[in-house]
Structure formats: structure tokens, C-alpha cells
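# just to be clear, the model below is a prediction. Sequence and coordinates:
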Amino acid sequence: MKQLSFPAAVLLLLCSSSAMSQNIQNNPGSNHGNRFEQLGTILPTPNEYRTASGAPGPKYWQQRADYDIKCELDEEKNTLTGSETVTYFNNSPNTLTYLWLQLDENQHSTVNNANYQNSDNMPSQLNEALIDRLEAARKDNGYGFNIRSLSDITGKSLKYTINKTMMRVELPAPLKAGQQFVFKLNWDYKIADRSTYGGRGGFEFFPGDGNTLYTMAQWYPRLCVYSDFQGWQNHQFTGRGEFALTFGNFKVQMTVPADHVIGSTGECLNYTQNLSAAQKARWAQAQTSKEPVEIVTLAEAKAAEGNKSKAKKTWIYKADNVRDFAWTSSRKFVWDAMPAFVEGRKVMCMSFYPKESYGLYRKFSTKAVAHTIKTYSHFTIPYPYPVAQSVEASNGMEYPMICFNYGRTEKDGSYSEATKYGMLGVIIHEVGHNFFPMIINSDERQWSWMDEGLNSFVEYLTEEMWDSKFPVRGKGPAWAIVDYMKLPKDQLEPIMSNSENIARFGPNAYTKPATGLNILRETIMGRDLFDYSFKEYARRWAFKHPEPADLFRTLEDASGEDLDWFWRGWFYGTEPCDMSLDSVKYFKADGSLAVRGTEDRTESRKLDPPMGSTNPDISKERNLADKSITYPVDKDPELQDFYYRYARGKEAYDTTTYKVQVPSQITAADAASLERAAGKHFYEVAISNKGGLVMPVIIEWTYKDGTKEIDRIPAQVWRMNEKNIVKAFMKDKEVASVQLDPYRETADIDESNNNWGKIAAPSRFALYKAKNANVPRAAAPGINPMQKAEEKKKGF
């Protein structure tokens, strides 16, 4: 490194970054952009429904829909037939003339699907699969809801219109604020084979034993959300953006083959009628067991596979204050259960799984469910529901109190490490969705990241608390998002993008928001502040409909941290973090104190022109012409000093002389500064922001004795100059090397410019003081005005 020659004024080093900021701030050519500006009008205007603090307002409201449903599963035909009575509560201040319902099963229809098509190219060679797909799209495949009837409570038919995956129901009379409306639907549909049609609900056929496993999701016509911020959320269901749903109470009766076992949202009201005496005894045993108890054993499940019953049974479930309802049915299920306790409240944790996943699910699933609800409760709110269930269905999807997961062993019962941790990850993730969005009920159709991202973040925390060696899969540590952040800008989209319009859905909806929250927790806010604020967000918006602004505002309101710069960069922007350690300069005090001797000298000066400008000033001209205006200084001689007369040409004053005396003594402050600087090592670090995204600066110093130290500088250091900063440091030991972001906390996309391995020999400098205490500032042209600020610097 180049040896430096520094004058005495090098003492200003320790305030150089401040001086640079002051200079850059007023430099019209500087890079003082808008990365630290408030979000302002980017966020919706607060109102009586949603406050500026991020909390629900005093007039917050939301709708409610209660369901009483009866349905029957036909296993031979793979059809579901249902009837439902819906009670809709208009809690809004508005009068409604129609209702919107979601017909999600129409996703599988070639006639009534959302018809959101993507661009695709003709392959170089035709194949059977392509021909089948293109041909099938030209005719009605028979899937989707068949609405048999729709009527009010008296049986009078209601007019309705089906628009793809949405159905508008015309009300017979306006539904005023505070009123409720009851209507009835009868419907049926063909259940889709998930291996062929995909989707979240449907069936899986097992050719080895000839049995079927049903996952019944989005299986009934259900109300859209009507809200204060959007009105009706009736955006079409394309299969990607998930759901916006209204809370309510459910009573559901499911008639299925008598040898099927059902797992469902809610609590079963008639286990007594549907379980054998042995199974009821095991259920009773499971209520207090510390280990999972098999309610339906592996032997019983295998026996049921070979003896298909033609009889029927009806299972009745009840669930209160839930936004949705899902269930599963099969004779293949093993079912185990054990309790977990959350703040003294018992929650029955259960798993349903076929023999194909017995080797994994019997050992891990229910215990993972219990761990998840306890850990999520710690970071958010206490789990409020009576049950939590994991179903192995070669799938990954979530609903209140129940979720569908994957994780099957090899035929010999063995499994790989990847399969094990993949299964645990998906169980934790899907059970965790009970909190986001089943309780903290965001709009998934518009903002996938508000449930997937927040849930992935707490999933990461939960995995870390399950096993200290849990393999990281990209949903927390900053380094795991780097490959995505490195992509060209035209391949990136802001997190704040609609679910249907995201090219890279996984990173955008899951990993980048999860990583951002972890950066807030570990690097920007700290665990205590973040955890308190995040829990406050969950508490405020439990069983309500939050929007992004409610999250952003709550985290700031509860922490006292201004995070608009972070939301702007990480959530609204696509710029990556790339900090470059450009230089490290080393200085050391030489132990001397140079002081100018006493002297008397005569100097002359010419007084500056009067401060009153000679430039044209229309206001002054008009004031002088207005004879009604009088000036106090003209009327009062006591106010007419030299400068008054000088400005009016009444007194001439060209030059004067004066004496300057510089004291020779060393002050106590000088001596203290010299003592403190002796033996210290001074470093000036220059860092540039090449990526654009501002982040905290984390510097690791490795000393020549092998020890290390870390300095953390908040991101606000960039606020005056978003491209370059210079910082000065004083160290007790000599430094061997410097590294930025040693723990890879900022998602820096280029670590090759984060290190400085050699520190040049120090530049020696002397402590220099020159004081002219009795001289007016204008009369000391030889003194650097910055020196005054330096004199106030502590320790110098």
C-alpha cells in the first residue's frame, strides 16, 4: 500500500465521514437518492378501519359466513355430492346487492377455468402428450362444479352468474349493514386425479392394493372476502395465487365408505358411532400419552385395504372461527395422536398416513406437529384450536387444523436423509400455515408473500429449534438468497408483486421475504426488538385481514425503528447488496505535540461590502415605494450602529489593524489527547455500494495476535451518500486484515471485494493545536474552519 504523508490537520480523520456527508449533502452532483425517503403515499392512507400505527382502527369490520354442509363421497365414481346452507353476515357499513362465491373446482374444467394462458412454443418434435393436451383443451372434460340448485331459505330460486371460477349471486333484496342472509346450494362434481390434473384437492389411486386416498380441499362453494380496502376480492383462481376467505363457523357431515377413516378441520362429534371399542380406548389413552398412540393401527389399515366395505358411515365435525374447512378420507390410513400443551391448553396433535409412509410418519410426524404449534405459539400467539393434524398424501397444502404433506419410504422401509428432512420441513411449513394465513388471515390471492414468506420465516426458526444440524434450504440465512439476487435485473420482480404475475414464484413469495425478516431480526433490529414487534403484529391481526402496510407499520410502531428504507429496498425494489471494501489506510500518532510559539503580528483586512444585496429585489422596491411602511431602525437612533451607517454610505471604513497572540502553553486537554492517542492504531476504511441496496456495514478486524473483533454500523450511514462512505476507527491493537460481512448476513452478491488482507505501514502524524482564542473568526484567515469542529471531538 502506498505510504501516506499527512499534515497536522490529519486529526480531522476521525470526523472525516461526517465532514464528507455534510459536503456531499449540498453537492448537486452527489448520489443522494431516495433510498432513505419515507414510503409516504406508496402506502394507503390510514383511516378509521386501519390506523397509521398498523393496528386495526376503532371502526374496523369484517364479514362472516357460517356453513352447514352435508356431502357424500362415491368411491366407485370418484364424485362428491353436497348441499350447504350458508348464513352470510353483513358487518360492513355498506348495502350489498349481490354476493360473490368461489368455485375453485372449476380450475380443472376446460370450459370454466380462469383461462390465464401462458406463452409456449411448439416443440421441435410432436409427441402424444402435447397432442392430448391440445386436443383436450378444445372440449368440455366434465370437471368443475355442477350447481344443481340455488335458493333462499324459503326455497325460492336465486339468480346467479358463473364467471369462470367465480359465481355472483343476486340478492332478492338489498342486504343492509348489520343484516344477514341465508341461502342454500346443491351441487356435485367429479373429483380430479391429482396425478393427472394436479391441484391441491383430489384423489390418489394406489394400483398395488387398488385403494384410493382423498384430499378434499376447495371442495365446496365458499364466500369471497368483502373488505374495507378492496370491496369484493373476486380475482380468478388460476391455481397459483391461493385464497382470500371469510371467517365463520362450520358444521359438516361427510358420508363415506364405512371402512374409511376421516381426518378433518375441527373436532369430531361422533367418534362413538364410528370407532370400534378398541379404537375408542386408544383414543382415550392418547389424551394423556407422552408418546403418539395409534388409534387405527397399521395392522387394521392393512386389513381394511383388502376388504372394501360397501356400507356407509357419516362423520360429523364442528369448527368455530375458521376461514376454511378441509378433510381427508381413506381406508388406508394409520392414525396416531398425542397431546401438546400451549400455555396450559391441550391440543391434540395427530397424523394420518398410509403404510407407504409408515417408517417415517410413525416416528416423526405427530411429534413434529407438536413442536411446530409450540414454537409458532412462542413467536406469534398461542395456538387457539383444539387439534392440529398432518396427513401424508404425497402433497403439500394447508388448511385450518389440517394439512397435506409428503414423505414416503422405500419399499423396504428405509429412507434417505434428504427425504427425512424434506418431510420434516414440509410438515413444519404446512402446520405452520395454521398461523399464516389461517389465523393472521392475509389475502393470498393478491400477496402470496404475506403468508408464504412470513410462514417460511417462522418455519426456519422452528427447524432451527428442532435440530441444531437441520439442513438450511434457503428460507432464512441471507447467503441462501444470493443466487437469486445475482440474476439480471430484467429477471427479478419486487416482492410487492401480484401472485399471478411472478416468474420466479419460489424465491419471490417464499425465500426472499423470509430472508428479509431474518435479516431484520439478526442484523438490523436485533432479536428482542424484532420478536416483540412481530408478536405484536400477530396479536393485532389474529382472526382479521391484514395488508402489507399493516405489517410494515406495526413493526416500526412497536420497535421504534424507522424501517422505510428496508421496505423500499428489499420489498419494493430488486437491487442487490454488493458492498466493496475499496481501501484501508493506517495511521499512528508519533507521540509529539507541535505547538506554534508566541508571537505578535500586525495584519490588515478590508471590510466586506455591506450585506444588503445590490441585486434587484422587487419586494424591497415596492416596500420603499409604499409610504405607509415605516422601519424601526429608521425611527430609533439606538438601533443605528456602524453597520447601519456603513450600509447607507454614511460612514467609510476600509481597513484596520489588530494584533494576534498565540499562547505557548500546552493545555490540559492537549495533554489528555496526547496521552489517549499514544500507542493507538488508527484506520480509515473506504467502502462503496456497487449493488444499490443499502445495508448495515459489518466489519471484522483480525489483529496480528490472531484475535478478532466486529464493528456493526447501521445502514443509515449511507443516508447522505448512497454510493460511498469513509469511516475512521481507533484500535488498541494492530490489524492484520479486514473483512466485510464475515457471517454473510447481508446477502452480498460478490464477496470477492469484501476483504483487505494487507495493511500498509502506518502514516505517522503529529497532534497539532493552534488556538487564537481572542481573535474574531473573520480576522483569522489562516485557520481551517474545520478545526473548530475537530477541537470538540472527544479525546482530541
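Done, it's in.
# gap between Pro174 and Arg64?
Look at Pro174 and Arg64: by C-beta to C-beta, to the nearest Å, they are 18 Å apart. Bear in mind the C-beta positions are built from the backbone N, C-alpha and C, glycine included.
# out of the two, which sits in the more crowded spot?
Each of Pro174 and Arg64 has its neighbours counted (other C-beta atoms under 10 Å); Arg64 has more, 16 against 11.
# pLDDT wise, what is the more buried one at?
Arg64 is assigned a predicted lDDT (pLDDT) of 98.
# over to His235?
95.
# what about it, distance to Tyr317?
His235 sits at a distance of 30 Å from Tyr317 (criterion: C-beta to C-beta).
# max-length helix in the protein?
The residue-count maximum for a helix in the chain (DSSP state H) belongs to helix 358-379.
# what is the orientation angle of the helix or strand encompassing Ala418 with helix 358-379?
Counting by DSSP states H and E, the element that carries Ala418 is helix 417-432. Calculated by axes from the mean of the first three to the mean of the last three C-alpha atoms, to 10 degrees, helix 417-432 forms an angle of 40 degrees with helix 358-379.
# only the buried residues of helix 417-432, if you could.
Using 16 or more other C-beta atoms under 10 Å as the test for burial, helix 417-432 gives 419-432.
# can I get those residues in a markdown table with distance to Met695?
Below are the buried residues of helix 417-432 laid out as a markdown table (distance: C-beta to C-beta, whole Å):
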| residue | distance to Met695 |
| --- | --- |
| Thr419 | 36 |
| Lys420 | 35 |
| Tyr421 | 30 |
| Gly422 | 31 |
| Met423 | 35 |
| Leu424 | 32 |
| Gly425 | 28 |
| Val426 | 31 |
| Ile427 | 33 |
| Ile428 | 29 |
| His429 | 27 |
| Glu430 | 32 |
| Val431 | 33 |
| Gly432 | 28 |
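# tell me the one of these nearest Glu392?
The closest of these to Glu392 turns out to be Met423 (C-beta to C-beta; 8.3 Å).
# could you report the pLDDT at that closest one?
pLDDT recorded at Met423 is 96.
# can you tell me which residue is spatially central in the chain?
With distances taken as C-alpha atoms, centre = their mean, Pro513 lies nearest the centre of the chain, 4.2 Å away.
# any idea which helix or strand comes after the helix or strand where Ser456 lies?
Assessed by DSSP H and E, Ser456 sits inside helix 449-466. Under the assignment DSSP H and E, the closest C-terminal helix or strand after helix 449-466 is helix 482-485.
# packing partners for the helix holding Ser456?
helix 358-379, helix 417-432, helix 512-519, helix 548-559 (3 or more C-beta pairs under 8 Å, 6 or more residues apart in numbering; DSSP states H and E).
# show me what the mean pLDDT comes to for it.
pLDDT averaged over helix 449-466 gives 97.
# from the chain's centre, how far out does that helix sit?
Counting by C-alpha atoms, centre = their mean, to the nearest Å, helix 449-466 is centred 10 Å from the centre of its parent chain.
# repeat that for stretch 188-205.
Distance of stretch 188-205 from the chain centroid (C-alpha atoms, centre = their mean) equals 32 Å.
# now Asn689: closest residue in space, sequence neighbours ignored.
Using C-beta to C-beta, 6 or more residues apart in numbering and skipping the chain neighbours, the partner closest in space to Asn689 is Lys723 (5.4 Å).
# wait, the one you found sits on Ser688?
Yes: Lys723 is in contact with Ser688 according to C-beta atoms under 8 Å; the separation is 6.2 Å.
# so, low pLDDT: which residues of this protein?
Applying pLDDT under 70 to the chain flags residues 1-33, 118-122, 124, 130, 132-138, 590-610, 612-614, 653-667, 758-796.
# what's stretch 74-82 in contact with?
Stretch 74-82 is contacted from outside by 69-73, 186-191, 193, 203, 212, 216, 219-220, 256-257, using C-beta atoms under 8 Å, 6 or more residues apart in numbering.
# gap between the two ends of it?
11 Å (C-alpha to C-alpha, to the nearest Å).
# so the nearest residue to Thr554 once chain neighbours are set aside: helix, strand or coil?
Excluding the flanking residues, the one nearest Thr554 by C-beta to C-beta, 6+ apart is Gly54, at 3.3 Å. Classification of Gly54 by DSSP: H, G, I helix; E, B strand; the rest coil places it in coil.
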